[in-house]
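J.: Have a look; sequence and predicted model below, questions after that.
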Amino acid sequence: MEAITGEFLGFLNLSWQSAVMLIISGILMWLGIARKVEPVLLVPIGVGCMLANIPLGGAAEAGGFLAILREAGIHTEIFPLLIFVGLGAMIDFEPFLQRPYTILLGAAAQFGIFGAFFLAYLLGDGWLRLLDFSLRDAASIGIIGSADGPTSIYVSTMLQSKYTAAIVVAAYSYMAMVPIIQPPIIKAMCSKEERALKMRVIVGATSKRTKILFPIVTILVVGLITPKATPLIGCLMFGNLLRECGVVERLSLAAQNELANIVTILLGITVGGMMAGMQFLRPETILVFVLGIVAFSLDTVAGVLLGKLMSVLSGRKINPMIGACGISAFPMSSRVVQKLGLEANPYNHLLMHAAGANTAGQIASVVAGGVMLMLVPIFA
Amino acid sequence: MLNALWIVLVGMVIIFAILGILLLAMILLGKLFQPSEEKKRNNS
């Protein structure tokens, strides 16, 4: 009888933590399938979470297939880097190249990373010691504010945080929730007049040479100053070079489709597999999620504040709302700003301006990740 | 706690510095390699 309960009848070994995680996995799959919230990620994450919490299944334990994927793809940082190749091949940086000043909005909107990091460290080892947050954990939690899943995985893994799974799930969940998080903050900070402010339409294309040189110059500038960001920016810009150089269309399409899709499946199910109840259900996990929303909110506030300053300095030629797009969540935050602009003025089309800041935010978030990786070991 | 404050301050300064340099490089690239007149006409 003992052999039967020990090896079969998994439900007899179900702990309350595993039961809660099975419910959470169901919610994730429901959000993805029924509500269409980031289904590409939430469906694989939900399934991975379910597999990891079935007692005696062993999928996420040493030797299990999810553990092997974790070792091979997450601990080596290969999955986030490969995702970045696909992402780079998908992103058209032309809106940014037409408005290069938007890179400053991207820079400002990384403040949420550092704000949330500081708060996490104050709650942990830095001052109150209420939670088990070391400097490295706090930096990894702050990076949720990069609004970028691969960067969050890469930085939290490199810093060997105990909360990588929670950080990654929070980063992807909040990216999906950008249309809920950002509008109230933007509305509170910008009057209707400011939201209705129209921006000049930019006509004229960017030259082919500029588009080809952009990824190369970006790798050199970012890599030579923050070497720790080289793998991330290198893969992102490699993908973009495949797209723009015009001679390897087959590779560009493979990066955008086959590569990105395969790695997304593997990454999603592996991240879900890291959500084993015993490790995941801790008070710290809840705080990781709270600090994640703080990071996204501070990103938005800082971006809009710089947007307001640039609006004043430019003689009201810049709509301050586009500062909110400095957060990297592409293209969700561009759509949010476009919608708010149209609500305030039916003829106010801000999408391309917002996309400029949004793609700039993508670069800025990678730089911020590299800066964090560079500074934390120095000050730890 | 001071070390965390330093990370915040130095981090934001470095980010603005790197992206400021990138901004200058992009402006320079834009000036050096203007799109052809024909393409400009097609887009306008």
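T.: It's in. Numbering: from 1, shown residues only, chains lettered A, B, ... in the order given.
J.: mind listing what residue A:91 touches?
T.: With contact set as CB atoms under 8 Å, 6 or more residues apart in numbering or on different chains, residue A:91 has these partners: A:240, A:243, A:330, A:359, A:362. In this view, the C-beta of every residue, glycine as well, is placed from N, C-alpha and C.
J.: Report the contact partners of the closest residue in space to residue A:218 that isn't next to it in sequence.
T.: Spatial nearest neighbour of residue A:218, chain neighbours left out: residue A:237 (5.2 Å); criterion: CB to CB, 6 or more residues apart in numbering or on different chains. For residue A:237, the contact set (CB under 8 Å, 6+ apart) comprises A:88, A:215-216, A:218-219.
J.: what do you get if the cut-off is 10 Å, keeping everything else the same?
T.: For residue A:237, the contacting residues are A:84-85, A:88, A:93, A:214-220, A:222-223, A:244, A:363, A:366, taking CB atoms under 10 Å, 6 or more residues apart in numbering or on different chains as the criterion.
J.: Can you tell me the SS state at it?
T.: Recorded secondary structure, residue A:237: helix (DSSP: H, G, I helix; E, B strand; the rest coil).
J.: Give me the pLDDT for it.
T.: The confidence metric pLDDT takes the value 98 at residue A:237.
J.: related to what we said a few turns ago, quick check: the farthest pair among the contacts of residue A:91?
T.: Longest distance between any two of these is 14.8 Å, between A:243 and A:330; criterion CB to CB.
J.: tally of neighbours for the residue nearest to residue A:228 when sequence neighbours are not counted?
T.: Here the nearest residue to residue A:228 in space, its sequence neighbours aside, is residue A:373; by CB to CB, 6+ apart that works out to 3.9 Å. Residue crowding around residue A:373 was assessed by other CB atoms under 10 Å in any protein chain shown; the count is 20.
J.: ok, now how distant is residue A:24 from residue A:277?
T.: According to CB to CB, to the nearest Å, residue A:24 stands 9 Å off from residue A:277.
J.: what about chain B, any weak spots by pLDDT?
T.: Applying pLDDT under 70 to chain B picks out residues B:37-44.
J.: buried ones in the lengthiest helix in it?
T.: In chain B, with assignment by DSSP state H, the single longest helix is helix B:2-32. Across helix B:2-32, burial judged by 16 or more other CB atoms under 10 Å in any protein chain shown covers B:4, B:7-8, B:10-12, B:14-16, B:18-19, B:21-23, B:25-26, B:29-30.
J.: what helices or strands is it leaning on?
T.: For helix B:2-32, the contact count by 3 or more CB pairs under 10 Å, 6 or more residues apart in numbering or on different chains; DSSP states H and E identifies helix A:94-98, helix A:102-108, helix A:111-123, helix A:135-142, helix A:208-225, helix A:351-379 as packing neighbours.
J.: As JSON lines, those with mean pLDDT and distance to residue B:35 would be great.
T.: Output for the helices and strands packed on helix B:2-32, formatted as JSON lines (pLDDT from 0 to 100; distance: least, CB to CB, whole Å):
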{"stretch": "helix A:94-98", "mean pLDDT": "94", "distance to residue B:35": "11"}
{"stretch": "helix A:102-108", "mean pLDDT": "97", "distance to residue B:35": "19"}
{"stretch": "helix A:111-123", "mean pLDDT": "97", "distance to residue B:35": "35"}
{"stretch": "helix A:135-142", "mean pLDDT": "96", "distance to residue B:35": "40"}
{"stretch": "helix A:208-225", "mean pLDDT": "96", "distance to residue B:35": "8"}
{"stretch": "helix A:351-379", "mean pLDDT": "95", "distance to residue B:35": "16"}
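J.: Nearest the middle, which residue of chain B would you pick?
T.: residue B:23 (2.2 Å; CA atoms, centre = their mean).
J.: give me every residue that touches it.
T.: Residue B:23 makes contact with A:100-104, A:106-107, A:221, A:360, B:16, according to CB under 10 Å, 6+ apart.
J.: Going by distance to residue A:344, which of those wins?
T.: Using CB to CB, residue A:102 is the member of those that sits closest to residue A:344, with 20.3 Å.
J.: In contact with that closest one: list those residues for me.
T.: Applying CB under 10 Å, 6+ apart, we find residue A:102 in contact with A:95-96, A:307, A:310, A:318, A:322-323, A:325-326, A:353-361, A:364, B:23.
J.: for residue A:275, same thing?
T.: Going by CB under 10 Å, 6+ apart, residue A:275 touches A:21, A:24-25, A:28, A:45-46, A:48-50, A:52-53, A:60, A:165-166, A:168-169, A:281, A:285.
J.: Buried ones among those?
T.: With neighbours counted using 16+ other CB under 10 Å, the contacts of residue A:275 contain these buried positions: A:21, A:24-25, A:28, A:45-46, A:48-50, A:52-53, A:60, A:165-166, A:168-169, A:281, A:285.
J.: These in helices, which ones?
T.: Among these, the residues falling in helices (DSSP H) are A:21, A:24-25, A:28, A:45-46, A:48-50, A:52, A:165-166, A:168-169, A:285.
J.: which of those residues come close to chain B?
T.: Of the entries in those, none also sits close to chain B under the rule CB under 10 Å from any CB of the partner chain.
J.: Which neighbours do residue A:24 and residue A:277 have in common?
T.: Between them, residue A:24 and residue A:277 have A:49, A:53 as joint contacts when contacts are counted by CB under 10 Å, 6+ apart.
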